[in-house]
Structure formats: structure tokens, C-alpha cells
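Enquirer: I would like to see how this sequence folds:
(chains A and B)
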Amino acid sequence: MLQLKTIRDEKQRILSGLRKRNWTSQQLKVVDNILLLDENRRSGQKLLDDFLAEQNRLSKQIGQMMAQGKKEEAEALKAQVSQLKEKSKAQEDVQRTTEGSLETLLYSVPNCPHKTVPKGKTPEENKVAKDWTKPFPTLPEDALAHWDLAKKYNLFDLELGVKLTGAGFPVYRGKGARLQRALIQFFLDEAVKAGFEEIAPPLLVNEDSARGTGQLPDKEGQMYHCTVDNLYLIPTAEVPVTNIVRDEILAEKDLPMKMTAYTPCFRREAGAWGAHVRGLNRVHQFDKVEIVVIDHPEQSYKTHQSMVRHVEKLMVKLALPYRILLLCGGDMGFASAKTYDFEVWSAAQKRWLEVSSVSNFETFQTNRLKTRFRDANGQIQMAHSLNGSAMALARIVAALLENNQTAEGINIPKALWKYTGFKTI
RNA sequence: GGAGGAAUGGGUGAGUGGCUGAAACCACCGGUUUGCUAAACCGACGUACGGGUAACCCUGUACCGCGGGUUCGAAUCCCGCUUCCUCCGCCA
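Expert: Below is the predicted model of the structure:
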């Protein structure tokens, strides 16, 4: 959620940012509506506060009169207060309505893209920030896609997952299961080495947390919901980890707060099925190591770059062909101000697979979360939040298997040997 | 799951209807003193949304787990919920 104050003070910047997201002039009117409602809210607040102030004043007087035994005068005042009370109750309702509509409108506005975000409407217009210049791995004629490799080497079983749960819940077996565990361990170790605190969060969150990071109310259908207890299965570790700082005022010296967490992620992906979703490309449950940073506004873009470099290092260590995209305004997530996507070349499928997304949300999340910090002058400011996958397992596994297949078996990248305990599959 | 108790500011904890946004102590911050540290003393010390102003500052309102209610007036009384603690039961 954008800060009201930002919309008030920097209307033009917000408008041009929204245009970058291809908002029509019709859509842009919402900004003026917000400002108008804000005016109403403020004047209504004043009105209400004045009523209440008068009530408080009179009530105190009544107390004094009672103490002095002036009972009749007190009774007269009581009647006056009762009248005021009706007025303030009515005004309270008006105010509640205004604030409600204002909030609804605010929720509907996406984050304002950073000035370095390119214009564009479709994924084709994303800017390649770093391309893969070396040749792609050349595979044998009879190269298999990862779902066929999985069968050949007994690495994971999707049909078995259907029996146990349903489509999109793979059962990893043998070396496939071990490879999963190795990757998790590897990613976590790398993150900890890079200074991230390891967090093992709950996998179910309450409504407040889901609201805090914006899964609610917008993406309700994306999450698995345990209605009996009103808890949600996390779609990403971002949700519990970022909510650690919900309603907190941090000290400036606590920033940056760098956290990492491995969790399974659960996504209903309702309606997202179609082509390109075979094998591990899209599943309901997958493993991911996430990195989250809460940072000083002046530092967050530097941090953003360093997170990108961190993910890049993982790619290099895993010897995977990758490219980095700077997403254009039209392809960026709702909450993000700037996003880099990492894609890995899947040699057998001959296509790029998205494996990581590193975003700076600026104050969009923290505004809703109420995550602030006290700066050097003792002023309270909104902190910035950032996160990225480092990384999402299922698709990395797909690429690893496909790219490293040989007639003799599948080669495991050297960086993983100490975790897998084997060098080939 | 059953029975009882509790929830107050960063922490401990007082407060059972008006003078309480909230004592006291601790922590934190600023200052005095000091060779340095420590101690002692003095002072400041919540958040949000408004108004006077653009800022310092002044001021209004709301907030004592959450939501309702009683009352002219609620941290204080009543109802519901949540969480925590103790005991019992169950259990990885």
C-alpha cells in the first residue's frame, strides 16, 4: 500500500509511475479520488475530534459540579452531552465510511516503479540486464526432459503424488530426494555465509500476517486455507519472515536486517494450468530458500544490487546458464518498485525457466506492516523491505537434471558434492 | 479437551469510576560531576491520526490484549473473543 503522504506530496511522480505500469487516464483518476477522500477524512476527523473534545470538557465539569453538590446544573449539562454524543456517533459513522473507501482505493493502487524501471507492457519488453554469452550445453540427440529423466533414474514421481495428494505434489525419491536436501542445505549455507540470519518459521500463518504482506485481500485464492482454524499455508517464506517486523519500530543500527529461511511453499495456482506446466515447471508444493531484508531507505537499492549478486553467485556455483532480466513496468508484481528476474536455461525443454525474483518493495509492504525505524534525529521513518528467492528448488532441479545429462548419467555440480554425497546420478 | 488465574508504556509493576496517557523502579537518551570507567545527581523519555504552521514548537482526539456494552465520564464495571500461565486429560 502506498503511503498517503507520498501521494499527497509527490502526486506527479506517482502518476508517471503508474503510467509506466500502463495505467490509462481513466484508471489514473483513482489518485484524485484518493486525494479527495483524504480531504474529507481530514476535515471529518477535525469535526469529530472537536465534538469529542467538547464532550470531554463538559464531562469534567459535571464531575466537578457533582463534587460541589450542584446537582441540578450537572443534570442540565448531562443533557447537553447526550446531544453531543449523538452528533459524534453520527460523525463517527461518516468517518468510518470515508476511511473504508479510502483504504479500498489505496489497496487498489500498485507500487510506483523506480525511475530505473523500463517502460513496457509485456514480458517481451523486459530489459536483459545480463545475458548468457557463452554457448548453451549441447545435449545428446536423445536428450530427455526432466520428467523423463526422473522416470529413468527414479528421482521423483508425479503419479504417485496424485495418489497421495493430487496433481502437482511430487514425491521425490532416492537420489532425487537427496538432491533436494543438498540444494536446500547449499542455499542456506551460502545465505548464512553472506550474513543472513537463518530463520525456521511456521508454515501456517494467521490472517494478520497474510494481510501484512499483501496476500490478502488480493490473492486469497492463491493460498491454501485451513478454514477450521482460519490459517493459511504459506505461499512463500516471505510471508512469515517479513511479518517478523510487523508493528515494530526498529533502531537504525538494526538495519539492514538480513534474514533467510528455507520453507516448502504451497500454491493453489488456481486456473494457471495449461501448456508449459509439465514436470516440475509448476507444482503446488515446492521448496525454496528465501532471502528477506529490512533496510534503510537510503541503502535499499544498494542492498537490492547485492542480493542480485548473491543469487548470481549461486547460479555460477551451480554452473547453470542464466540471464538476468530487469522487469518492465507492465510485467512487475503489484507490490514491487523494482524487480530482477533470474532465468535458467533448460536445455532439453529449450526454454528459459524463472527461478528467482529479487524485488525492492520500498515502503509498499512496510506501510501495511507498520515497520518503522527511528533515525539518527529520533524521527520515525518507514523502513524498506526487499526479498528474493535464493532459490526456488523445483525448477533448479529441472534445469540441473536436463543440462547435465550424459549417456553415462547425470553430473552433479561440484559445489553440491559435499551435500549430495554422490557426483553423478 | 476440562477447571482456575492473568493480560497496563522497552522491561518490572502500581492503579477498582472523574484530578490517570497512566505512579514508582529499571533500561535507553541528554546533561552536571570525574584523570578514564563506574557511581551519584538533574532532565527528557509511547504510538497513530488531525489542527495552528513549512519546520522547531504548541494543541486536539484515540489507544492500558481485541471487539462490543453500561455511564455525563471507563485502564477501572458488564458481555463476547484471543493469548499466556497453573492443574488435569490426551499426545509427536
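
Enquirer: Let me see the ranges of the strands in the stretch 251-400 of chain A.
Expert: A:257-266, A:285-295, A:322-326, A:338-346, A:351-362, A:372-374, A:380-382, A:384-392 (DSSP state E, counting those that start in this stretch).

Enquirer: what packs against the last one?
Expert: Strand A:384-392 is packed against helix A:174-193, helix A:238-242, strand A:285-295, helix A:300-317, strand A:351-362, helix A:364-369, with contacts defined by 3 or more C-beta pairs under 8 Å, 6 or more residues apart in numbering; DSSP states H and E. For the C-beta atoms, the positions are set from N, CA and C on the backbone; glycine is no exception.

Enquirer: Please enumerate the strands of the stretch 1-150 of chain A.
Expert: All strands of the stretch 1-150 of chain A, identified by DSSP E, counting those that start in this stretch, fall at A:127-130.

Enquirer: Up against RNA strand B, what does it have?
Expert: A:4, A:38, A:41-42, A:45-46, A:48-50, A:52-53, A:55-60, A:62-63, A:66, A:78, A:81-82, A:85 (C-beta under 7 Å from any atom of the strand).

Enquirer: Now with 6 Å, please.
Expert: A:42, A:45-46, A:49, A:52-53, A:56, A:59, A:62-63, A:66, A:78, A:81-82, A:85 (C-beta under 6 Å from any atom of the strand).

Enquirer: Grab the nearest non-local neighbour of A:Gln3.
Expert: A:Asn367 (5.1 Å; C-beta to C-beta, 6 or more residues apart in numbering).

Enquirer: again, but for A:Gly161
Expert: A:Phe169 (4.1 Å).

Enquirer: Can you tell me who A:Thr339 pairs with across the strands?
Expert: Under DSSP bridges, the beta-bridge partners of A:Thr339 are A:Ser359.

Enquirer: my guess is it meets A:Met332, correct?
Expert: Yes - with contact defined as C-beta atoms under 8 Å, A:Thr339 counts as touching A:Met332 (5.2 Å).

Enquirer: Do you know the pLDDT at the residue lying closest to A:Glu73 once chain neighbours are set aside?
Expert: The shortest distance from A:Glu73 to any non-neighbouring residue, by C-beta to C-beta, 6+ apart, is to A:Met65 (5.3 Å). Note on A:Met65: pLDDT of 85.

Enquirer: what does A:Ala167 give?
Expert: So, for A:Ala167, pLDDT stands at 88.

Enquirer: do the same with A:His276
Expert: With respect to pLDDT, A:His276 has a value of 58.

Enquirer: can you check the one 3 residues further on too?
Expert: Reading off the per-residue confidence, A:Gly279 sits at a pLDDT of 74.

Enquirer: my read: it touches A:Ala150, true?
Expert: Yes - the pair A:Gly279 and A:Ala150 passes the contact test of C-beta under 8 Å, sitting 7.3 Å apart.

Enquirer: okay, and the common contacts of these two?
Expert: A:Leu158 (C-beta atoms under 8 Å, 6 or more residues apart in numbering).

Enquirer: Please name the bridge partners of the closest residue to RNA strand B within the stretch 101-250 of chain A.
Expert: Ranked by C-beta to the nearest atom of the strand, the top residue of the stretch 101-250 of chain A for proximity to RNA strand B is A:Ile249, at 6.0 Å. When bridges are called by DSSP bridges, A:Ile249 pairs up with A:Arg372.

Enquirer: what sits against it?
Expert: For A:Ile249, the contacting residues are A:372-374, A:380, by C-beta under 8 Å, 6+ apart.

Enquirer: Among the residues you listed, name the buried ones.
Expert: A:372-373 (16 or more other C-beta atoms under 10 Å).

Enquirer: got the contacts of A:Ile249 as JSON lines, with distance to A:Lys219 and pLDDT columns?
Expert: Formatted as JSON lines, those follow (distance: C-beta to C-beta, whole Å; pLDDT from 0 to 100):
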{"residue": "A:Arg372", "distance to A:Lys219": "25", "pLDDT": "92"}
{"residue": "A:Phe373", "distance to A:Lys219": "28", "pLDDT": "91"}
{"residue": "A:Arg374", "distance to A:Lys219": "32", "pLDDT": "87"}
{"residue": "A:Ile380", "distance to A:Lys219": "30", "pLDDT": "90"}
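
Enquirer: near RNA strand B, which of the contacts of A:Ile249 show up?
Expert: Among those, RNA strand B is touched by A:372, A:380 when using C-beta under 6 Å from any atom of the strand.

Enquirer: In stretch A:3-21, which residues are buried?
Expert: Going by neighbour count (16+ other C-beta under 10 Å), the buried part of stretch A:3-21 is A:3-4, A:6-7, A:14-15, A:17-21.

Enquirer: Can you give me the end-to-end span of it?
Expert: Across stretch A:3-21, the terminal residues are separated by 18 Å (C-alpha to C-alpha, to the nearest Å).
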